[in-house]
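Colleague: Sharing a model that was predicted from the sequence below.
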Amino acid sequence: MTASDPVRLAREVSEGHEATRLLSNPLLRGFFDGRRLQLLERWRKTEMADVEGRERVFRMMHAIDALERELDTYAETGRLAEMEQEDEGNMNRSGRAAE
């Protein structure tokens, strides 16, 4: 097993914590949920001939979903980096104990 870059791991852990904090923020959660409901209602009220209007709503909904997925990815990457840091710390401690 190769050693990981501690600077990269620290950055990923930090970004992961920030993403987790954002995802659990009631204001941001309310934005995501509220905006989705607004867009859904806007889509439902479009005229059948308003293809461009529905497409615009569709793109906005996908942009919100993409932002949320990206934050989820940062949070998960941070959790994995934290586990990797812990594993390396355990290996270093067990290696020193064997000396």
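Modeller: Everything's here; your move. Everything quoted here is computed from the prediction, not taken from an experiment.

Colleague: Next, work out how far apart Glu41 and Arg35 are.
Modeller: 11 Å (Cβ to Cβ, to the nearest Å). For glycine as for every other residue, the C-beta is placed from the backbone atoms N, C-alpha and C.

Colleague: More neighbours: these two, which one.
Modeller: Arg35 (14 against 10; other Cβ atoms under 10 Å).

Colleague: residue boundaries of the helices in this structure?
Modeller: 6-23, 26-44, 51-98 (DSSP state H).

Colleague: Deepest-packed of those helices, please.
Modeller: helix 6-23 (a mean of 15; mean count of other Cβ atoms under 10 Å).

Colleague: got the angle for the worst-scoring helix or strand of the chain on mean pLDDT vs helix 6-23?
Modeller: For the chain, counting by mean pLDDT, DSSP states H and E, helix 51-98 ranks last in confidence among helices and strands (a mean of 89). Helix 51-98 runs at 130 degrees relative to helix 6-23, counting by axes from the mean of the first three to the mean of the last three Cα atoms, to 10 degrees.
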